[in-house]
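S.K.: Task: produce atomic coordinates for the following.
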Amino acid sequence: MRSDVPVSIQTHALGTLAYIRTSIELSSSLVVPGMAGVFMGCVGIVAAIAAMTPRWASHWLAIWVFAGAAAFLLGGTLMARQAAQTGHARYLGPVRKFLLCLCPALLAGAVLTFVLWRAGMERLVPGTWLLLYGCAVLSASTVTVASTMRLICIMGALFVALGCFAFAMPAQSHSLILGAGFGALHIVFGLLIGRLSHGQ
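M.R.: Predicted structure coming up:
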């Protein structure tokens, strides 16, 4: 319904500018769903529990490789689903930039995992994973929406710190450290990102 109350040109201009700014941000930035982090974190917690179980402890590397692949597919599916539901799927630029920022470090982690496994240096794998994943997250945060960028940066920095910490810890604690990173950090920051996105 039309209103007889006049609207100042300044108010109209500010509303138009806000709309333009939002449109530009959506076309150049990616919205990361908090629930993707939560579900990925749940996969990490399950993997940590399985890898710390005495019966399966010797297969910890295979457990974590499988969990990593499952979490990657799950997180990617949830991000694609949210993009489709919100109508952001038409913006392919941010998705391409996000993958270009995220995937090189993940690919380096996969190659180094194979190299370290062949060399019998599996004890260095957890620190390598956490460090490179943190670098990937930090890099990918630059193409996320401004409202969640800071949280994603903090999460990436914590992964880097946890990776450095893992190199100094004994092998017996590695599954616990991996669970703290890929499990707990994902869940905590997933909830924080989801709460922030919901609040806005």
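S.K.: now the strands for this structure?
M.R.: For the chain, no strands are identified by DSSP state E.
S.K.: neighbours around the closest residue to A166 other than its chain neighbours, how many?
M.R.: Sequence neighbours aside, G127 is the residue nearest to A166 in space, at 3.8 Å (criterion: CB to CB, 6 or more residues apart in numbering). No exception for glycine: its C-beta is placed from N, CA and C like everyone else's. Neighbour count for G127, taken as other CB atoms under 10 Å: 20.
S.K.: hang on, G127 packs against F159?
M.R.: No: counting by CB atoms under 8 Å, no contact exists between G127 and F159, whose distance comes to 10.9 Å.
S.K.: wait, what's in contact with the residue nearest to A166?
M.R.: For G127, the contact set (CB atoms under 8 Å, 6 or more residues apart in numbering) comprises G163, C164, F165, A166, F167.
S.K.: and what of A71?
M.R.: F39, M40, V43, G44, F182 are the contacts of A71 under CB under 8 Å, 6+ apart.
S.K.: do that again at 6 Å, thanks
M.R.: M40, V43 (CB atoms under 6 Å, 6 or more residues apart in numbering).
S.K.: Could you tell me the average pLDDT over stretch 111-123, please?
M.R.: Stretch 111-123 shows a mean pLDDT of 95.
S.K.: swap in stretch 156-170?
M.R.: If you average the pLDDT values across stretch 156-170, you get 96.
S.K.: Cross the contacts of G127 against helices and list the overlap.
M.R.: Using DSSP state H, the members of the contacts of G127 that fall within helices are G163, C164, F165, A166, F167.
S.K.: Next, work out how far apart the residue nearest to the second one when sequence neighbours are not counted and V137 are.
M.R.: So that's C164. Of all residues beyond its chain neighbours, the one nearest C164 is L131 (6.6 Å), with distances taken as CB to CB, 6+ apart. Computed as CB to CB, to the nearest Å, the L131 to V137 distance reads 11 Å.
S.K.: Please say which of the two ends up with more neighbours.
M.R.: Just comparing L131 and V137: by other CB under 10 Å the higher neighbour count belongs to V137, 25 against 21.
S.K.: residues in contact with the residue lying closest to that one once chain neighbours are set aside?
M.R.: Leaving aside its sequence neighbours, V137 sits nearest to G156 (CB to CB, 6+ apart; 3.4 Å). The contact partners of G156, taken as CB under 6 Å, 6+ apart, are G134, V137, L138.
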